[in-house]
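Q: Pasted the sequence and its predicted model underneath.
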Amino acid sequence: MIAVIGGTGVLGSTVVRALIALSLPVTLVAPDPSKANRIFADVLPHLTIVRGSVGAPKELRRTLVGVDTVFVNAPGSPDCGQRVICAAAAAKVAGAAHLVVISNVYADAVGSPYGRRFFRLEAGVKSLDIPTTFLRLPAFFENVLASVASVTEEGAVYSPVPASAPVRGVAVEDVGAAAAAVLAAPDVHEYRTYEILSGVHTGADLVAALGEAVGKPIRYVEIGWEDSYERMVAEGTPEWEAADLVEADRLVAAGHVSESNHYEELVGEPPMSIEEWCSQNACTLCPLLLPPASATMLGQSGGSRTRATTSPAPSPAAMVVGTPPPASSLMERMTLGSGGVSRLSTSPPVDTQFSFPKAKIEVLLLENIHQSAVQMFEAEGFTIRTVSKALSEAELIAAMESVHILGLRSKSNVTPAVLAAAPRLMAVGCFCIGTDQVDKALTETRGIPVFNAPFSNTRSVAELVLAEVIALSRRLGDVSSSMHKGVWNKSATGCYEVRGKTLGIVGYGHIGSQLSIMAEALGMNVIYWDVVPVLGLSRTVPCESLEELLNKSDFVTLHVPRSEATRNMIGAEQLAAMKEGSFLINASRGTVVDLDALADALRSGHLAGAAVDVYPTEPAKNGPGFESPLCGLTNVLLTPHIGGSTVEAQHMIGREVATSLIRYVNEGTTLGAVNFPNLEMPFSSGTHRILNVHRNVPGVLRDINVIFAEQSANVRTQVLGTSTEIGYLIVDVDRYHSDETKKAISDLETSIKTRILY
Ligand SMILES: NC(=O)C1=CN([C@@H]2O[C@H](COP(=O)(O)OP(=O)(O)OC[C@H]3O[C@@H](n4cnc5c(N)ncnc54)[C@H](O)[C@@H]3O)[C@@H](O)[C@H]2O)C=CC1
Ligand SMILES: O=C(O)CCC(=O)C(=O)O
């Protein structure tokens, strides 16, 4: 058993996840188990969480009894040595066989204060004489994500370190991989010290890579030591820390760069370079590097401006891990500081507060929504509740009273009764493509936008379907299950190549069209049918009718949304119209196919096989008990609605939908909403923003503008979008009048929802 102390920050949680991925047994020792429960909600079955802290050594000793290896990760604060030594002593008394301790590449008796601190830490742990491995780190590349205020506002990085000075950093996930490699075989690595670094780069490299990743040049501005110190103090850094940081910067500027790097030795491949890291994180960096107006907007909407779109969230504890002199001043300060998002910024601090405390914004995430979304909401400071399964209507009704943001996938339904029980609901996020599970008409008239992820899982579905085309054609499901039962049955009967066969795609949208290109690459002829006239890609040919497609196809695959028009779109009549010996694939919605009719067509041998991923009713959670008329039939591949279930798709969906929801909360932006006018408006400085959803009847805009006029409230910018039912208005108004103005607007009889952002 491995115990992890300090596992709820960015680094610690990365290590915990890396261990879980290796199926190693992990106990997380956390001072606040409820926080740990939230952070690891998606992997709780693989993790034991126990209360414990280095501040309570007796309790810690009891907690560590029975543990073989203890991983200790401590911040670079002045007391870090004491804390780690205390944890190490508890591990020794509890009988642990190995220790793995995070240290710093600059651990050095004569180095910067940080270096000296880690030097003493290492010496103290060694004096306990327990087999220990030290992992020495520089700063994390991820710190860039939390320290781009000056970049967003001025397109500049300020640092006292010359742009050409060689420095080093590392990606958090690389540290996680290296730590997991050591923890998987601690006895091989004991009494060794490893430096976990990326290659050498410079401040100039950093800004070039950042600029390249986000498509906008960034300046590296060298400033003096005093200036650097004063900026930090002026922006709230404690004097001792600012002084330590300046010392650390001096060390870097003097060319103090570690030469060794054991990453490859431990992990077996090279670590990520700053360029690779920037390019991989471009989509996270881009929203942070918005033009000034938008950057101000993020600042105005909450205390954590650069965290609005960051992931992972650099929690204070994690930012101080692995401390000092880093890749650049920028990175160093984020590593060392406890919150220094704006340390390098020259802009005045934001002097206003969010209209509603962020911690009071309650987010309920159902159906195992990916951690990428959880991290983004956490970084915002929202209160998050996660549930791994879908909730029934009754369960949702019981849960909705205090929920502001609801996230779900395809199986929880937002019905009128659920909406009636959700007085605070601001927005719904469908972490999938389909939005049929939400009553969109009612959410619209209640002023609740619904967002989804229209693209992120389309490739995954197309790949699954392509695999099924071949698998059905070679009867792979049946032969594999015979082999598992010990039956060897080598035969070519009923098995065909797919080359030259015709694939008929019903619904030629994002998934259907991607699939068509992939199927053509296999040498298939592709035809399609869509209610909307769409241009076929490559050599694909449109059909005049569904019937024509069914008559001509060897494989029919369905990619239409759930709607009244698609309900039982494939029933007995359509199945009869399909070619003898053809195949049906449904990865769209369960309502599209009449399963009893399909079972009959399969039993009669009219169809040679089918692959089905979606069902009219689907279980709310994983486990036994699934039933279908298709169970037990020959050459039928049944999958549990996994078309979009890949790591890549879920990660991207998490970020895509969380970003939309956060932008709606912070800015009122409704881009991508499926039931709302799509609006986005840059903030005007010195204003407050009023957001108003109203019934779309004549005269509303006049009534609202009369209020502005009567209160002499100067409107800076105003945008209105309407649908048949509602109007959505965003107004930036001079600060002095906005509270009264907001109240007067929300009192209008036509108003549905009104919010103000300070
Ligand atoms: N199995 C799974 O895990 C997943 C299933 N899906 C399902 O796949 C569906 C399709 O996804 P996309 O291709 O991204 O959607 P899309 O909206 O890009 O394409 C749907 C296409 O179907 C067409 N269509 C609508 N009604 C039709 C009808 N009655 N007859 C013929 N064509 C019709 C539309 O014009 C459109 O071109 C989604 O609505 C969702 O229900 C999506 C992702 C994952
Ligand atoms: O994986 C999911 O949660 C649902 C996928 C899906 O059906 C969709 O994206 O519409």
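A: Structure received. Ligands and ions are numbered 1, 2, ... in the order given.

Q: and the residue in the stretch 451-600 of the chain that ligand 1 sits nearest to, how far is that from Gly686?
A: Here the stretch 451-600 of the chain gets closest to ligand 1 at one residue, Gly509, 1.7 Å apart by CB to the nearest ligand atom. For every residue, glycine as well, the C-beta is placed using N, CA and C. Going from Gly509 to Gly686 by CB to CB, to the nearest Å gives 44 Å.

Q: Tell me which of those two has more neighbours.
A: With neighbours defined as other CB atoms under 10 Å, Gly509 and Gly686 compare such that Gly509 has more, 17 against 12.

Q: Do I have it right that the more buried one meets Leu558?
A: No - shown here, Gly509 and Leu558 do not form a contact pair, counting by CB atoms under 8 Å, at 11.4 Å.

Q: and the closest residue to the residue of the stretch 451-600 of the chain closest to ligand 1 other than its chain neighbours, what is it in contact with?
A: Nearest residue to Gly509, sequence neighbours excluded (CB to CB, 6 or more residues apart in numbering): His559, at 6.3 Å. Listed by CB atoms under 8 Å, 6 or more residues apart in numbering, the contact set of His559 reads Val461, Ile505, Val506, Gly507, Tyr508, Gly509, Ile511, Gly512, Leu515, Ala587, Ser588.

Q: now with 6 Å?
A: Gly507, Ile511, Gly512, Ser588 (CB atoms under 6 Å, 6 or more residues apart in numbering).

Q: show me which of those neighbour ligand 1.
A: Gly507, Ile511, Gly512, Ser588 (CB under 6 Å from any ligand atom).

Q: Of those, which pair is most distant in space?
A: Gly512 and Ser588 (9.5 Å; CB to CB).

Q: Looking at the ones next to ligand 1 among the contacts of His559, which is nearest Asn666?
A: Closest to Asn666 out of those is Ile511 (31.5 Å), distances taken as CB to CB.

Q: quick one, strands of the stretch 551-700 of the chain?
A: Taking DSSP state E, counting those that start in this stretch, the strands of the stretch 551-700 of the chain run over residues 555-558, 582-586, 607-612, 636-638, 687-695.

Q: and those as TSV, adding mean neighbour count?
A: What follows is those, written out as TSV (neighbours: other CB atoms under 10 Å):
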stretch	mean neighbour count
strand 555-558	27
strand 582-586	26
strand 607-612	24
strand 636-638	20
strand 687-695	24
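
Q: TSV for those, including mean pLDDT and distance to Val221?
A: As requested, the strands of the stretch 551-700 of the chain are exported to TSV (pLDDT from 0 to 100; distance: least, CB to CB, whole Å):
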stretch	mean pLDDT	distance to Val221
strand 555-558	98	56
strand 582-586	98	58
strand 607-612	98	58
strand 636-638	98	59
strand 687-695	94	29
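
Q: possible to save the ones you listed as a markdown table with distance to ligand 2?
A: As requested, the strands of the stretch 551-700 of the chain are exported to a markdown table (distance: least, CB to the nearest ligand atom, whole Å):
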| stretch | distance to ligand 2 |
| --- | --- |
| strand 555-558 | 12 |
| strand 582-586 | 12 |
| strand 607-612 | 13 |
| strand 636-638 | 16 |
| strand 687-695 | 26 |
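
Q: Now for Val715, how many residues are close by?
A: As a burial measure, Val715 scores 18 neighbours (other CB under 10 Å).

Q: Would you report the backbone torsion angles of it?
A: Main-chain torsions, Val715, degrees, to the nearest 10: phi -90, psi 120.

Q: Check whether it really touches Phe708, as I assumed.
A: Yes - proximity of Val715 to Phe708 meets the contact threshold set by CB atoms under 6 Å, at 5.4 Å.

Q: So what touches the strand or helix carrying Ala91?
A: Assigned by DSSP states H and E, Ala91 falls within helix 80-94. By CB under 6 Å, 6+ apart, the residues outside helix 80-94 that reach it are 5, 54, 57, 60-61, 64-65, 70, 72, 74, 99, 117, 120-121, 124-125, 128, 130.

Q: Produce a PyMOL select command limited to the buried residues of those residues.
A: Only the buried members of the contacts of helix 80-94 end up in this PyMOL selection, burial being decided by 16 or more other CB atoms under 10 Å:
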select buried, resi 5+54+60+61+64+70+72+74+99+117+120+121+124+125+130
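
Q: So which of the contacts of His559 sit within helices?
A: Using DSSP state H, the subset of these located in helices is Ile511, Gly512.

Q: Name the nearest of the contacts of His559 relative to Ala373.
A: Set against Ala373, the nearest of these by CB to CB is Ile511 (22.1 Å).

Q: Specify the local secondary structure of Tyr158.
A: Three-state assignment for Tyr158 (DSSP: H, G, I helix; E, B strand; the rest coil): strand.

Q: what does the model give it for pLDDT?
A: In the predicted model, Tyr158 carries a pLDDT score of 81.
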